[in-house]
Structure formats: C-alpha cells, structure tokens
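1. coordinates only, sequence not included:
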C-alpha cells in the first residue's frame, strides 16, 4: 500500500532525525538570509575601513571571518545573532577542514543556492555540516 504523507508530517531535517522546530531544527531561509546579510555588511565595513572598499578585500574579509568564527564559535556573527550554529552531520567536533570547505563553497555562491529537501545547501552537504537553530 502506497501512502502519501501530508505536508504537516514532513519538515526539513526529518529524514536526518532533526526536530521540526526549536533547538537543532534546520535553520530556515529567513534566518539564513538575515545572517548572511549581517556577515556581508561586516565584511563591507571592514573593507571600507581598511581597504578603501575593494571587492576582493571584502570577499577576503568575509571568508576569513567565516572560517575563524566557525572554528571558534560554530557560527559567524550573523549566525550567532540570528540564533543559528553550524554543526557536523555526524555530531561531535566541527574540525578544521569543514569550516574551510564550507566557506570556500559558500564564497562560490552557486553551491549555497542549490538545496536538497532538508534545506541543506550543497556547501553544507559536501562539508558534512548542518545549519541549525541554537
């Protein structure tokens, strides 16, 4: 018997064992957009202050801030302000390589806008990470 589940029985992250809402649920699009806007604004301000607003410097500041903050706080300024954090899919320590791979793919943009049914971008899938609510 082939039963279809209603949309209320499905949510992003269900098939990987995450709750529908609350702590450790998948970070939704609104929070993600606000978080990346905060992170980009920070990079722009630093670029204006120290590099006379150079596009490459802005991207460099963005990438450096992402990697350092993921390594030290499991989230960027934007993530932390919006109540998100990055965790490894398998649990445990995020490690050094995951923040680097995730950030470099995020900087390419395209991997970040290709999502699966769990609302995980390709950058998160390839790095083995999840962006979840704190």
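-> Nice, I can see it. Since we're looking at a predicted model, the values are computed, not measured. Numbers count the residues shown, from 1 in each chain.

2. looking only at pLDDT, what's the mean for the strand or helix carrying residue 32?
-> In this assignment (DSSP states H and E), residue 32 forms part of helix 29-51. The average pLDDT within helix 29-51 is 97.

3. Just the residues contacting it, thanks.
-> 27, 53-54, 57-59, 61-62, 65-66, 76-79, 81-84, 119, 131, 133 (CB atoms under 8 Å, 6 or more residues apart in numbering). Using the backbone N, CA and C atoms, a C-beta is placed for each residue, glycine as well.

4. List the buried residues for it?
-> Across helix 29-51, burial judged by 16 or more other CB atoms under 10 Å covers 31, 32, 35, 36, 38, 39, 42, 43, 44, 46, 47.

5. Would you check how far apart the second one and residue 83 are?
-> It stands for residue 32. Computed as CB to CB, to the nearest Å, the residue 32 to residue 83 distance reads 11 Å.

6. Could you do the third one as well?
-> The span separating residue 35 from residue 83 equals 9 Å under the rule CB to CB.

7. before we move on, what about the first one?
-> The spacing between residue 31 and residue 83, counted by CB to CB, is 7 Å.

8. Mutual contacts of those two, please.
-> Joint contacts of residue 31 and residue 83 (CB under 8 Å, 6+ apart) are residue 133.

9. Provide the backbone phi and psi angles at residue 86.
-> phi -100, psi 130 (degrees, to the nearest 10).

10. My error: substitute residue 75 in the last question.
-> phi -180, psi 150.

11. most centrally placed residue in the chain?
-> residue 131 (4.8 Å; CA atoms, centre = their mean).

12. Assumed that residue was part of a strand.
-> Yes: counting by DSSP: H, G, I helix; E, B strand; the rest coil, residue 131 is part of a strand.
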